[in-house]
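Peer 1: Show me how the following folds:
(chains A and B)
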Number of protein chains: 2
Amino acid sequence: MKNMVYIQSGGPTSVINTSLYGAIKEAKKHPDLIGHIYGSQHGVEGLIDDDLIDLGLEDDEQIELLLQTPGSILGTTRRKLPKDIHTPEYAAIIENIKKHNIGYVFINGGNDSMDTCNKLAKLVKELGIEDVKVIGVPKTIDNDLACTDHSLGFPSAAKFVINSVNAFAMDANCFKKGKVHIVEIMGRDAGWLTASVDLLPEQTRPHLIYLPEMKFDLEQFLKDVERVYKEKGFALVAISEGLQFERDMTNVRVDGFGHAQLGGAAAELCRIVENRLDIGTRAVEFSIIQRAFPQYVSLVDRKEAIKTGEKAVQAALKGKTGKMIIFERVSQNPYKIKYKLAPLSKVANAVSHVKPEMIVDATRMSDSFRDYLRPLVQGEVKLVYKDGIAPVTNFKRIKVK
Amino acid sequence: MKNMVYIQSGGPTSVINTSLYGAIKEAKKHPDLIGHIYGSQHGVEGLIDDDLIDLGLEDDEQIELLLQTPGSILGTTRRKLPKDIHTPEYAAIIENIKKHNIGYVFINGGNDSMDTCNKLAKLVKELGIEDVKVIGVPKTIDNDLACTDHSLGFPSAAKFVINSVNAFAMDANCFKKGKVHIVEIMGRDAGWLTASVDLLPEQTRPHLIYLPEMKFDLEQFLKDVERVYKEKGFALVAISEGLQFERDMTNVRVDGFGHAQLGGAAAELCRIVENRLDIGTRAVEFSIIQRAFPQYVSLVDRKEAIKTGEKAVQAALKGKTGKMIIFERVSQNPYKIKYKLAPLSKVANAVSHVKPEMIVDATRMSDSFRDYLRPLVQGEVKLVYKDGIAPVTNFKRIKVK
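Peer 2: Residues are numbered from 1 along each chain as shown, chains lettered A, B, ... in the order given. Model prediction:
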């Protein structure tokens, strides 16, 4: 009998621990097939450094709280594995897989993490370790994973962003002399999350929406902002953090994957609006709260996250490897998806963008976009509260020797 | 029979429209005493410019939605009335009060708005218009109104801040190499809202908390941050936007009341930490969402906001004037308050600070602070959702001629 190890990788989402919950629950149903349920601390680094914890020793109450625990409870990493598989990292991974008698490896992550997952799957295959199955669990609030209808975490982030902009718009528009409010929303390469605000009713919908998928012309932007401001007496603009426009890129930090750490686009556009149009502005960044807000987990996202954790375990037990769980939308009304598998090699490092036909212009998305998004943000979750605060999982973290 | 006019003033809170809800509901119970229920648009400016709307003509469904509508639904202002009552503003107000046969004026606001309320009460007294009653309804997320146990809006803002920092801490602490995270929380003169994070359990509580009431020493701050970072591998710091430290005050904007528009304190401290300690940082501002988040309205705050609106109408009908509704805590366990009246002259422009005995040091507040705060953030509200979004009031706004 083999043991399993679960890895969380890349940026957290509101439901990343919910998939872990589903995987643990499913694994416990198969005590004849799965021995120990291990968690690798800080992503693949735990597998390299032999830093595993025994999730089977955690209390049920703490496992239940995973459903409302933000962040990556096992810790995460943005470390990318090298291309060359003849390196000490890979040797350490194989050593630890053998040492801990691991037969099932699950990596829950986004694009970069699926690349890691793919490399690992290839490695065990090349080494002929046929009894180790590697399965990817999709997550990214950016919703830019290829091969799947959507990614876990995106629906909840969208629900937070939509409801927060709804609230923000009401507060921003109650002074007689309005401002230009620019809200910066996460999304480095893809504008799915920013575009989600288009689902709002006219009363609170941003007047202008700019995605990385649009060609952004600064002069046209200023004209649009000025037109809206003259007409409405205030302006509400939503932009993606990854919006491309000419700006000073000196002093921009770079993360572990070599990506520029963006942010500050709203602040910079506000400065330009103030200087060029002489209108007061306010820049707002929702920051990491948008991916970590348990009260705005969409019920659909929660259900799918649990199911995906279960499906991943089931797939591995069936002998599948080198695959990621994907969602195929088989019915729109009522909304229904099928869980399938896609080869990791097809998923790794591909990017799914907002489709051109989903964008009308900077003022509106298309019906097809809203039809796509609407079912995903349905349903509210009921959290457990204690003294007004939603408690989170506090694991004992007993190390595997 | 006289009409009433309701005014919302200053910065909105999550429950400012909830007090209006209570006042409308109560006024409708007295059709023999109160004729029309008017709303003044954009604070006292509506009374000056004769811009009133008839709230009695709004649909019940829209009135109900006030309970989950952020912002100030009537519009608001930061305009301060002049000291000299022989000015055109006052003449216009009196003219409109007479024109619309107004007998009851309610101003829902914070410190500056209670000053306006006080001036108005004095004016009608000096002019001998004895049949006009002026009553203040307290609100401010800063919780710095004098004479009252607490102010409406603060408990809900605290509930949002506490739960958001709880979530934020989980996300911020899941990378192996941690950062110094500095969260900037609203509060210009008083640190009540920032201090509220002290209610969190150790797992997610900020390691360091800095309020405007503390003497802030930049060198000591750097020592404290470095010590925490070395010990924990990351650091979570909460600061008030009004934190006093030496910074470049050029280009700081000033609002209508002549107050410097602060903000950016976290960003500036992050820059200093990076330069001096060579540690990665992240600055976060919750911005106006913290005062406008219907899903984190505390049930206690909602109930008290409704009751206060009712009490204000009842007080005016009893002939009271020049007073603000205040809360006296008569029992701690179970939590119980009494609604009383305080003279506006005592409330206007006074500031209630966090008491010295409530502060232990930069790492902890006292038991007395937590005992004070705990009952206020209890209870969650159930919002109405439609298609995943919490709808907000959309008034017809029929102007009074």
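
Peer 1: Spatially nearest residue to the residue of the stretch 151-300 of chain A found nearest chain B (excluding sequence neighbours)?
Peer 2: Going by C-beta to the nearest C-beta, chain B is nearest to A:Met170 of the stretch 151-300 of chain A, at 3.3 Å. (C-beta placed from N, C-alpha, C; glycine too.) The spatially closest residue to A:Met170, leaving aside those adjacent along the chain, is B:Gly71, at 3.3 Å (C-beta to C-beta, 6 or more residues apart in numbering or on different chains).

Peer 1: The one you found reaches A:Phe175, doesn't it?
Peer 2: No. Contact criterion C-beta atoms under 8 Å: B:Gly71 and A:Phe175 do not qualify, at 9.7 Å.

Peer 1: In terms of neighbours, single out the busier of these two.
Peer 2: Counted by other C-beta atoms under 10 Å in any protein chain shown, B:Gly71 and A:Phe175 do not tie: B:Gly71 has more neighbours, with 28 against 22.

Peer 1: show me what contacts that one?
Peer 2: Residues in contact with B:Gly71, defined by C-beta atoms under 8 Å, 6 or more residues apart in numbering or on different chains, are A:Ala167, A:Ala169, A:Met170, A:Asp171, A:Ala172, A:Asn173, A:Cys174, B:Pro12, B:Ile16, B:Asn17, B:Ala292.

Peer 1: for A:Ser151, same thing?
Peer 2: With C-beta under 8 Å, 6+ apart, A:Ser151 has these contacts: A:Gly110, A:Pro138, A:Lys139, A:Thr140, A:Ile141, A:Asp142, A:Asn143, A:Asp144, A:Leu145.

Peer 1: where exactly do the helices run in chain A?
Peer 2: A:16-28, A:45-48, A:60-65, A:88-99, A:111-126, A:154-172, A:192-195, A:218-232, A:265-277, A:299-317, A:344-347, A:367-373 (DSSP state H).

Peer 1: Report the buried residues of the second one.
Peer 2: Read it as helix A:45-48. A:Glu45, A:Gly46, A:Leu47, A:Ile48 (16 or more other C-beta atoms under 10 Å in any protein chain shown).

Peer 1: now, among those residues, which is nearest to A:Asn96?
Peer 2: A:Leu47 (5.6 Å; C-beta to C-beta).

Peer 1: ok, that closest one touching A:Ile97?
Peer 2: Yes. A:Leu47 is within contact range of A:Ile97, at 7.3 Å (criterion: C-beta under 8 Å).

Peer 1: Mutual contacts of the two, please.
Peer 2: A:Val5, A:Val105.

Peer 1: so which of the contacts of B:Gly71 is the most crowded?
Peer 2: Most crowded among the contacts of B:Gly71, counting by other C-beta under 10 Å, is B:Ile16 at 34 neighbours.

Peer 1: From chain A, how far off is that one?
Peer 2: 9 Å (C-beta to the nearest C-beta, to the nearest Å).

Peer 1: show me where pLDDT drops low in chain A?
Peer 2: The model of chain A has pLDDT under 70 over residues A:247-263.

Peer 1: so how far is stretch A:363-372 off the chain centroid?
Peer 2: 21 Å (C-alpha atoms, centre = their mean, to the nearest Å).

Peer 1: anything in that stretch near chain B?
Peer 2: No. Using C-beta under 8 Å from any C-beta of the partner chain, stretch A:363-372 never reaches chain B; the gap is at least 10.0 Å.

Peer 1: Tell me the span between the first and last residue of that stretch.
Peer 2: Across stretch A:363-372, the terminal residues are separated by 18 Å (C-alpha to C-alpha, to the nearest Å).

Peer 1: ok, back up a step: tell me the one among the contacts of A:Ser151 nearest to chain B.
Peer 2: Checking these one by one against chain B (C-beta to the nearest C-beta), the nearest turns out to be A:Ile141, at 11.3 Å.

Peer 1: check contacts around that closest one.
Peer 2: By C-beta under 8 Å, 6+ apart, the contact list for A:Ile141 reads A:Gly11, A:Thr13, A:Ser151, A:Gly153, A:Phe154, A:Ser156, A:Ala157, A:Met186, A:Leu193, A:Gln290, A:Arg291.

Peer 1: and what of A:Val161?
Peer 2: A:Ile185, A:Leu193, A:Thr194, A:Ser196, A:Val197, A:Phe286, A:Gln290.

Peer 1: repeat that for 10 Å
Peer 2: The contact partners of A:Val161, by C-beta atoms under 10 Å, 6 or more residues apart in numbering or on different chains, come to A:141, A:168, A:183, A:185-187, A:193-197, A:199-200, A:238, A:286, A:290-291, A:293, A:296, A:377.

Peer 1: go on, A:Ile7?
Peer 2: A:20, A:38-47, A:52, A:72, A:74-77, A:105-109, A:113, A:116-117, A:120, A:134, A:136-137.

Peer 1: Within reach of chain B, which of those residues are there?
Peer 2: Counting by C-beta under 10 Å from any C-beta of the partner chain, A:Gln41, A:His42, A:Gly43, A:Glu45, A:Gly46, A:Ser72, A:Leu74, A:Gly75, A:Thr76, A:Thr77 from the contacts of A:Ile7 sit close to chain B.

Peer 1: Most neighbours among the residues you listed, please name it.
Peer 2: Using other C-beta under 10 Å as the neighbour criterion, A:Ser72 leads the ones next to chain B among the contacts of A:Ile7 with 30 neighbours.

Peer 1: Surely it is in contact with A:Val15?
Peer 2: No. At 11.2 Å, A:Ser72 does not count as touching A:Val15 under the criterion of C-beta atoms under 10 Å.

Peer 1: overlap in contacts of those two?
Peer 2: A:Lys139.

Peer 1: sorry, back to before: so what's the residue of the stretch 151-300 of chain A closest to chain B up against?
Peer 2: If you count contacts by C-beta under 10 Å, 6+ apart, then A:Met170 has A:203-204, B:12, B:17, B:69-73, B:288, B:292, B:294, B:392-393 around it.

Peer 1: Quick check: the gap between it and B:Asn394.
Peer 2: Using C-beta to C-beta, to the nearest Å, one gets 10 Å for the distance from A:Met170 to B:Asn394.

Peer 1: Kindly report the same for A:Ala121.
Peer 2: 53 Å.

Peer 1: Please apply the same query to A:Gly109.
Peer 2: For A:Gly109, the distance to B:Asn394 - C-beta to C-beta - is 42 Å.

Peer 1: who in the stretch 301-401 of chain A is up against chain B?
Peer 2: Residues of the stretch 301-401 of chain A lying close to chain B (C-beta under 10 Å from any C-beta) are A:370, A:373-380, A:382-383, A:385-394.

Peer 1: let's see it at 6 Å
Peer 2: Those residues of the stretch 301-401 of chain A that sit near chain B, judged by C-beta under 6 Å from any C-beta of the partner chain, are A:Val377, A:Gln378, A:Glu380, A:Tyr385, A:Gly388, A:Ile389, A:Ala390, A:Val392, A:Asn394.

Peer 1: From the ones next to chain B among the contacts of A:Ile7, pick the one nearest B:Pro31.
Peer 2: Nearest to B:Pro31 among these, with distances taken as C-beta to C-beta, is A:Ser72, at 58.7 Å.

Peer 1: Surely the closest one and A:Gly10 touch.
Peer 2: No. Using C-beta atoms under 6 Å, A:Ser72 is not in contact with A:Gly10; the gap is 8.5 Å.
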